[in-house]
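> dropping the sequence and predicted coords here.
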Amino acid sequence: MPTVSVKTLAPNEKDQIFEVNQGKILFDELELQGLLLPHGCLAGSCGSCRIEVLEGAGNLSPLGAVETDTVESIKKNYCETNRSELVVNKNIRLSCRAKVLGDIKITVLK
């Protein structure tokens, strides 16, 4: 079973580690184990469930068209309203669309 390590932003907290079923949606697998990520539509169009993949990006399913459009929109909006370095060269995915294929490390984006 693949493991998902969720990095917390609090300096003194340890990462949470979960074993998940291979080939299943990341959001669903973490929710089954009690970790509820931010969410809205759960269809890939709102972007509320966005995460940054810190390690193991190749261990997630490829981005589909809906996820690609939503992630590009998120990055564009961040660049227009915030500092572009918040998203440039970051591997942003939607937890409601990404399937886990192997070990990954993520952090939740707000």
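Now that the structure is in, tell me what you want to look at.
> ok, how many other residues are close to the closest residue to residue 66 other than its chain neighbours?
Using CB to CB, 6 or more residues apart in numbering and skipping residues adjacent in sequence, the residue nearest residue 66 is residue 44, 4.3 Å away. C-beta here means a position set from N, CA and C on the backbone, and glycine is covered the same way. Counted with other CB atoms under 10 Å, the neighbours of residue 44 add up to 21.
> buried residues, the helix with the most length in the chain. List them.
For the chain, the helix with the greatest residue count under DSSP state H is helix 65-81. Buried residues in helix 65-81, counted by 16 or more other CB atoms under 10 Å: 67, 70, 71, 74, 75, 78.
> other SSEs contacting the least confident helix or strand in the chain by mean pLDDT?
The helix or strand of the chain with the poorest confidence is helix 65-81; it has a mean of 89 (mean pLDDT, DSSP states H and E). On a contact count with 3 or more CB pairs under 8 Å, 6 or more residues apart in numbering; DSSP states H and E, helix 65-81 meets strand 92-94.
> partners of the strand it packs on in the sheet?
With DSSP bridges as the test, strand 92-94 is paired with strand 50-55 (antiparallel).
> output the partner strand as CSV, restricted to C-alpha atoms.
Only the C-alpha atoms of strand 50-55 are listed here, as CSV (Å, rounded to 0.1, in the frame of the first residue of the first chain):
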residue,chain,number,x,y,z
ARG,A,50,-5.7,22.0,-3.9
ILE,A,51,-2.5,20.5,-2.5
GLU,A,52,1.2,20.9,-3.2
VAL,A,53,3.1,17.7,-4.0
LEU,A,54,6.4,18.0,-2.3
GLU,A,55,7.7,14.5,-3.2
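> so for that strand, what's the average pLDDT?
Averaged across strand 50-55, the pLDDT comes to 96.
> what's the angle between that strand and helix 65-81?
On the basis of axes from the mean of the first three to the mean of the last three CA atoms, to 10 degrees, strand 50-55 is oriented at 100 degrees to helix 65-81.
> just the pLDDT at residue 9, thanks.
pLDDT, residue 9: 76.
> not counting sequence-adjacent ones, nearest residue to it?
Excluding the flanking residues, the one nearest residue 9 by CB to CB, 6+ apart is residue 107, at 6.9 Å.
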